[in-house]
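Novice: Below are the sequence and a predicted model; questions follow.
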Amino acid sequence: MNESYVIGIDYGSDSVRSVLVDAINGEEISSSVFYYPRWKRGEYCDAASSQFRQHPLDYIEGLEATVKDCLQKSGIANIGQAVRAISVDTTGSTPIAVNEQGVPLALLDEFKDNPNAMFVLWKDHTAVKEAKEINDYNETSAVDYLKYVGGVYSSEWFWAKLLHIFRVDGQVRKATFSWVEHCDYIPFLLTGGTHASAIKRGVCSAGHKSLWAAAFGGLPPNAFFTDIDPLLDGVVDRLFSETYTADKPAGNLSTEWAERLGLSTSVIVGIGAFDCHMGAVGGQIEPYYLSKVMGTSTCDMLVAPKEEVQDTLVKGICGQVDGSIIPGMIGMEAGQSAFGDAYAWLKQVLLWPAKQALQDVEGLNDDVREQVVNGLEETLLVSLSKKAAELSVTATSELAIDWLNGRRTPDADQSLKGAITGLHLGTDAPRIFRAIVEATCFGAKAIVDRFVDQGIPVKGLIGLGGVAKKSPFIMQMMANVMNMPIRIHKSEQTCAIGAAMFAATAAGLYDRVEDAMKTMGQGFECTYVPEEKWVPIYAERYERYKALGAFIEGKESLAITV
Ligand SMILES: Nc1ncnc2c1ncn2[C@@H]1O[C@H](COP(=O)(O)OP(=O)(O)O)[C@@H](O)[C@H]1O
Ligand SMILES: O=C(CO)[C@@H](O)[C@@H](O)COP(=O)(O)O
């Protein structure tokens, strides 16, 4: 019997996806998706105050459901005995408070409905004030602890979130022993860990979000944190000093989880990492190619050999970490806090009157109502794209800024807001949609410019994730705005496939993840090439986008006519 099956698990913002893969050739045997039920009902969240929390049970139920479903769908007899390894990727920074035993507080009766005891999702921006305090304090610090995270600490990250929760919830603070990223918690859970000090931390989350750096000898010292707020006293001592790359095992599947999943305890559980990092590997990243994972948000990943990067520090990105993507190389991360979410926002604005009208119509059958709403939800972005693709654009057409969820890169500032300008009576839904799509592409170009300006060349673009697969309109606009071809990867599940590649490496089926990537990678399906006619028009409009952005930031008065 072939005993080379591995499982990759990808925890996205709305759902978890698992894939069962044959590690010998990368063949995808089966896959399964589970939408988080509590999250779907909007529980524990308040978009108006940027509070986005996820209950650990959403993750645990999804883990069990998708893995069992994959095994069952495979149709392979005794598949449970043939699985060699599991690796997990998750969103991040998505941390949670745990007690001494490593149990998330929301799993305890006392805290089961308390959002502050749950995972603080990456896009939760309740800690803007705390991030600013970290940035301000670092300015005065003798050691620049932000130098490997782009020089700016974001409210999307670990320490800002921890401090915020400690300040707003004394009960949670008192019950907290340690604080752990989602990507480090799941391997701990699967391996049956019983003490928080045994949680193995991946270098990916530690380096990009928690200020861990080998050059600092680990995390910043206690004094750094207590100077920001004495509430943080002692926390760092209960965190970690060692980190691991994702090609290494975290341990074996515990007896409890082996039984729950129908697998054996010889299954190796790999060290976890962030979705976009494993996604870049699933999408066959190459040195100096920007791998853009384009979904709800974007994560823009780049790897470069250590000896070439040397002392170059790229300002305003989400960090550069030795081994965060591919062990042995410097992994760099940048991104946009709202990409697909910006389109989803417009969709919801446009659907509101229709949904309301359907509610108001008396005597309408509930099934019909639901069918109409579902139909609109599914088709609206596709029909908007079709119409928007037919529009011509001039210098003064509607112009938007994409910071609907703040700005992640360049120079994280989650307090910034989006904008749409140049509206007139002829402005209709497709024109607004076109402007928003264009703004997200301009935001993407600003990231490329930042890498290049700081001495890191961008030699090509790789497109991954939901939007890259679903929207030829947006990908063509991206190629035109960037004036660079963009190659779209074949895989529907690059993050989960990347996790499967790491699982295969952690189990020793490959020596290096690059070898797994070569053999298990599915290749590319198409390339969008810049259209000459549009390149100069977008180049001009990009200058206008930058001027409008500077105005919104309060840096400059408006030097363009909108
Ligand atoms: N046809 C479409 N055109 C543009 N964006 C789309 C389209 N269909 C879905 N999206 C966007 O894709 C995003 C989801 O991407 P996906 O990669 O599936 O999820 P995640 O980011 O959670 O991993 C949503 O924000 C949605 O607005
Ligand atoms: O920010 C990171 C990683 O650093 C991502 O986890 C976050 O953008 C979530 O990505 P998705 O768009 O939900 O796939």
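Specialist: Yep, it's here. Ligands and ions are numbered 1, 2, ... in the order given.

Novice: Which residues of this structure lie near ligand 1?
Specialist: By CB under 6 Å from any ligand atom, the residues of the chain that approach ligand 1 are 12-14, 295-296, 340-341, 343-344, 381-382, 385, 465-467, 470-471, 474. (Each C-beta comes from the backbone N, C-alpha and C, glycine too.)

Novice: neighbours of Lys112, just the number please.
Specialist: Using other CB atoms under 10 Å, Lys112 has 14 neighbouring residues.

Novice: give me the residue from the stretch 351-500 of the chain nearest ligand 1.
Specialist: Across the stretch 351-500 of the chain, no residue is closer to ligand 1 than Gly466, which sits at 2.5 Å (CB to the nearest ligand atom).

Novice: Which among the residues of the chain next to ligand 1 count as buried?
Specialist: The neighbour-count test (16 or more other CB atoms under 10 Å) marks 12-13, 295-296, 340-341, 343-344, 381, 385, 465, 467, 470-471, 474 as buried among the residues of the chain next to ligand 1.

Novice: Closest to Thr421 out of these?
Specialist: Nearest to Thr421, judged by CB to CB, of these is Tyr343 at 18.5 Å.

Novice: what's the distance between the closest one and Glu556?
Specialist: Distance, Tyr343 to Glu556, by CB to CB, to the nearest Å: 28 Å.

Novice: what do you get for Tyr148?
Specialist: Tyr148 is 30 Å from Glu556, by CB to CB.

Novice: what residue ranges in the protein are flagged as low confidence?
Specialist: The chain contains residues with pLDDT under 70 at 1, 559-562.

Novice: Could you chop it up by domain?
Specialist: Using automatic domain parsing, the domains assigned to the chain come out as 5-283+491-524, 284-490+532-562.

Novice: Of the ones you listed, which stretch is the most buried?
Specialist: domain 5-283+491-524 (a mean of 21; mean count of other CB atoms under 10 Å).

Novice: Give me the distance between the two termini of that one.
Specialist: End-to-end span of domain 5-283+491-524 (CA to CA, to the nearest Å): 23 Å.

Novice: Over to stretch 309-319?
Specialist: Chord length of stretch 309-319, first to last residue, is 13 Å (CA to CA).

Novice: Indicate whether stretch 52-72 makes contact with ligand 2.
Specialist: No: using CB under 6 Å from any ligand atom, stretch 52-72 stays clear of ligand 2, coming no nearer than 10.8 Å.

Novice: Quick check: Lys469 touching Gln493?
Specialist: No: contact criterion CB atoms under 8 Å: Lys469 and Gln493 do not qualify, at 10.0 Å.

Novice: so which of the buried ones among the residues of the chain next to ligand 1 comes closest to Tyr35?
Specialist: Ranked by distance to Tyr35 (CB to CB), those are led by Gly12 at 9.8 Å.

Novice: correct me, but the closest one touches Asp275?
Specialist: Yes: in this structure, Gly12 is within contact of Asp275 by CB under 8 Å, at 6.5 Å.

Novice: quick one: common contacting residues for these two?
Specialist: Residues within reach of Gly12 and of Asp275 at once, by CB atoms under 8 Å, 6 or more residues apart in numbering, are Thr91, Cys495.

Novice: Excluding residues flanking it in the chain, which one is nearest Phe502?
Specialist: Among residues not flanking Phe502 along the chain, Ser87 sits closest, at 4.3 Å (CB to CB, 6 or more residues apart in numbering).
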